[in-house]
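[1] need a 3D model of the sequence below.
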Amino acid sequence: MVTVNTVLLLWHIKAQCFKRSILVVHSQLLSCAKLVFIGVTQDNQNFIIKIAAMVVRNIPQNSYSEVCINIKAFRGRTGLKRTAVCALYKRMEEVLMNTGISNKGWIDIHAHILPGVDDGAHDWDEAMALLRLAYGQGIRHIIATPHFTWNQDTGMLQELCTFLDYHAKAISDGFSVSLGQEIRYFENLIEYLNQGKALTLAGSRYVLVEFGPSDSLGRMKRAVRQLIQASYFPVIAHVERYRCLLEQERPEELVEYGAYLQINSRSLNGGWMDKRARWCRKNLKKGTIHFIATDMHNSSDRSPDIQTAVSWMEHNMGVRTAVRMTRTNPGYILQDRML
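    As a prediction, the model looks like this:
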């Protein structure tokens, strides 16, 4: 059986070897998640699209983290022009959308779903309602991130998370919850993290850190530098809220310092008159945003609505971007790997 990271290489595919190539694909691809098509020509575009469609439909939903299709065109007499390559990419994205590859398995790294511990879910009834809503939105893993408070009992938080994870698995075996915290930055944060008094995301080195709306860019940079020097990976929560980033338009400076940036999914949903929505869309297209999360608090005005944002990304930026923001990049956190 081929592993998820295996590359299936189809060299110089030609239409006349369609049956033989289908056999090669079918026999090796049931858990393959990456395809590289080399030697694309005008004659075999439609064939490659058919192969891609068959491949994507036959990958089990629980066996891949991302489907990545790379297309390389030879230069020369049989090579595709740039416009033809772009057209083929567009058709590939249509294949992915039509096979439903992008609507399964989102990972939510920012959620106030633990009951009775902060301004999120008030009780178990609301926590259960949020679980069901999240599952209906296509979320398959939630990192519960209650607000950090002084002298908070992290053992109690873990017990609540374990119980919530039990209920998630009662909804579906593929649905799970792990624990983290959203931490307002303070000077002794590193010490608290090292002692386990403040929690990282899902036991990884990633830390979900927030700031005051009026905090300066300089303070944010100092915090990022301190966390990086202590071997933590800072994820700055809902970056669209900070005045210094909205007004100065310099989020890339935080990325250069080593920070990862998260925006809330609902922030994408505004119209063109919404300054925050415009800012989020602009920075998504610039590539400075790494994660989209729900920041769910309740089942009414702060519910786990992620599908609207995913649909916007699919339509405006492509399926691969939507998958990267909501599944691939968050997957690095769960694996405790550097993005």
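
[2] what about Met313, distance to Ile142?
    The span separating Met313 from Ile142 equals 20 Å under the rule Cβ to Cβ, to the nearest Å. Placement of C-beta: from N, CA and C, glycine included.

[3] again but with Asp301, I slipped
    Going from Asp301 to Ile142 by Cβ to Cβ gives 19 Å.

[4] which of the two has more neighbours?
    Here Asp301 and Ile142 are compared on neighbour count by other Cβ atoms under 10 Å; more neighbours surround Ile142, at 31 against 7.

[5] part of a strand, is that one?
    Yes. Applying DSSP: H, G, I helix; E, B strand; the rest coil, one finds Ile142 inside a strand.

[6] for it, give its distance to Gly120.
    Here the criterion is Cβ to Cβ. By it, Ile142 lies 12 Å from Gly120.

[7] please enumerate the shared neighbours of these two.
    Contact criterion Cβ atoms under 8 Å, 6 or more residues apart in numbering; residues bridging Ile142 and Gly120 by contacting each: Ala111, Ile113.

[8] got the contact list for Pro234?
    Pro234 makes contact with Tyr206, Val207, Val209, Ala223, Val224, Leu227, Ile228, Gly258, Ala259, Tyr260 under the criterion Cβ under 8 Å, 6+ apart.

[9] residues near Arg337, how many?
    A total of 12 residues lie near Arg337 under the criterion other Cβ under 10 Å.

[10] oh, I was asking about Lys282
    Neighbouring residues of Lys282 were enumerated by other Cβ under 10 Å; the total is 13.

[11] in terms of helices and strands, where is it?
    Assessed by DSSP states H and E, Lys282 sits inside helix 275-286.

[12] please report phi then psi for His238.
    Torsion angles at His238 (phi, psi; degrees, to the nearest 10) stand at phi 30, psi 70.

[13] surely it and Ser265 touch.
    No. Because the distance of 10.3 Å does not satisfy Cβ atoms under 8 Å, His238 is recorded as not touching Ser265.

[14] which of those two has more neighbours?
    The residue with more neighbours, out of His238 and Ser265, is Ser265; 27 against 22, by other Cβ under 10 Å.
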